[in-house]
Structure formats: C-alpha cells, structure tokens
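In: okay, structure incoming, though there's no sequence with it:
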C-alpha cells in the first residue's frame, strides 16, 4: 500500500487547522502540522484533531516545510508521497485523492493542484495573487517551456523526487523553487484543477502589502536565478 504523508505549515490558524485535518482522507498515514511560531491555539487544536505537531520557531513557509521534511527523514520508514497543503482551509482537503491520483495511476513525479478560475470562490484570491501567478507561470513558459498555470500550495510529490530537489528556500519562494527545480530535473509533472475558497483569517502573505511585495520579489528572483544558470 502506498504510504502518503501530509505536511501542513501553520501560523496562527487556530480557527481552521482542525477543519483541514478532519477533511483529509484516511488514505494518509500521518498528518504533520508545523506550528510556525503561532501565538494562538494552533498547536493545541491540531493535536486534538489527531495530527503530529512539530515546532519551528523561525517564521517562514519554507522553514516550516523543511522542518516537516527533516522529521520524516529521521523516521525508520519513509513515505512514498508527500502532500503539501495550507492550514487556512482555502483548499478542499478531501480533494487530496484527486491530487495524488496521477502519481498513483500514471506514475507522475509531481502534481500541482491548480486554482482554476471557474472553480475559485469569488474573492478567494487577491488581484496581486492572480497577477503574480500569471506572471510567474508565463515567465516559466518563456524561459523553460513549462506548462504550469499556477503556483498553488496544494501539491503532491514522490518523496524520493522531493529529496532530489534539495529544497532550500526558507520563506515565500518555496513553491516556485520546487517547480523550477522539477523542470531542471526533468521530473514528470502535471496539474489537477482544484476548488478554492476564501481562507479563514487574514493571509500573512497576500493579505498585506509588505507580504505581497516580498513574495513577488522572491518568486521573480528564483525564476531569473534559474534562467541564467
């Protein structure tokens, strides 16, 4: 049986984290929540919902994901597939089965859950998110002939392929780094349309001008870095 583990970075998601955990299908062997220096009841609520909870005091999406990967690497039995999903309940966790299906059935290495317009709740993505995704994926198409249409955080990847990417970004560039390195490594990838709704709480990235600017700089920085390698 395929072993699937889920990594959920979470910063102040006390009102949503248990909803995310509860909706994850039981084909998953372990749900790992990384409490990324939260000041609320994120950790307590995640534990009550049955997740493994780790602590990463250094704020940053990438820091949290790397903490989860470090935990998995030390286990006696490593998984076949890692799924990443946000802790804000903007995705539909029950669609995890659709996201991993291309790996299980067709042998793909990586799958991105794409937040296509007709499946997005109105207002669930800010204008800067929509534009940023459009620009980043267009640049990847221009420089690398990529077929990505989104940098969606809901994604699945074979564990051994994830390790081969040698991920390093600590903050906002995690998703685009993974996709760029997948292109460089010539991983077999595809996209699966997923539904998307308004998150619970305020976004720490797209919900602020500072967060949006830094995220944009990070994403473009990774793209241009790899364009000239």
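Out: Received it, and whenever you're ready, just let me know what you need. Keep in mind that this is a model prediction, so the values were computed, not measured.

In: switch to C-alpha atoms for all contacts and neighbour counts from now on
Out: Will do.

In: how long is stretch 139-157 from one end to the other?
Out: Using CA to CA, to the nearest Å, one end of stretch 139-157 lies 23 Å from the other.

In: low-confidence stretches in the protein?
Out: For the chain, applying pLDDT under 70 flags the ranges 203-216, 226-229.

In: show me where it has strands.
Out: Chain-ordered strands for the chain, with DSSP state E as the definition, fall at 4-10, 30-35, 52-55, 81-84, 110-114, 155-158, 189-193.

In: tell me which residue lies nearest the centroid of this structure.
Out: Geometric centre of the chain, nearest residue: residue 153, 3.0 Å, by CA atoms, centre = their mean.

In: pretty sure that one is touching residue 85, no?
Out: Yes. With contact defined as CA atoms under 8 Å, residue 153 counts as touching residue 85 (5.9 Å).

In: for the residue nearest to the centre of the chain, give me its contacts.
Out: Taking CA atoms under 8 Å, 6 or more residues apart in numbering as the definition of contact, the neighbours of residue 153 are 84, 85, 86, 112, 113, 175.

In: hey, where'd the helices end up in the chain?
Out: Counting by DSSP state H, residue ranges of the helices within the chain are 17-23, 42-48, 61-73, 96-106, 127-144, 159-164, 174-184, 209-227.

In: between those helices, which one is nearest to residue 199?
Out: Nearest of these to residue 199, taken as CA to CA: helix 17-23 at 11.2 Å.

In: neighbouring contacts of the closest one?
Out: For helix 17-23, with CA under 8 Å, 6+ apart as the criterion, the contacting residues are 10, 31, 42, 45-46, 48-51, 87-89, 92-94.

In: which among those end up buried?
Out: Burial by neighbour count, judged by 16 or more other CA atoms under 10 Å, picks out 10, 31, 42, 45, 46, 49, 51, 87, 88, 89, 92, 93 from the contacts of helix 17-23.

In: ok, back up a step: could I get the helices of the chain as CSV with distance to residue 35?
Out: Shown next, in CSV, are the helices of the chain (distance: least, CA to CA, whole Å):
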stretch, distance to residue 35
helix 17-23, 10
helix 42-48, 6
helix 61-73, 8
helix 96-106, 21
helix 127-144, 24
helix 159-164, 22
helix 174-184, 17
helix 209-227, 19
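
In: correct me, but residue 28 touches residue 3?
Out: Yes. Here residue 28 lies in contact with residue 3, judged by CA under 8 Å, at a distance of 7.0 Å.

In: with adjacent residues omitted, what lies nearest to residue 51?
Out: Leaving out its chain neighbours, the residue that sits closest to residue 51 by CA to CA, 6 or more residues apart in numbering is residue 31, at 5.1 Å.

In: report the contact partners of that neighbour.
Out: Neighbouring residues of residue 31 by CA under 8 Å, 6+ apart: 5, 6, 7, 8, 21, 50, 51, 52.

In: what's the answer for residue 50, then?
Out: 21, 31.

In: please consider this matter closed, and thank you.
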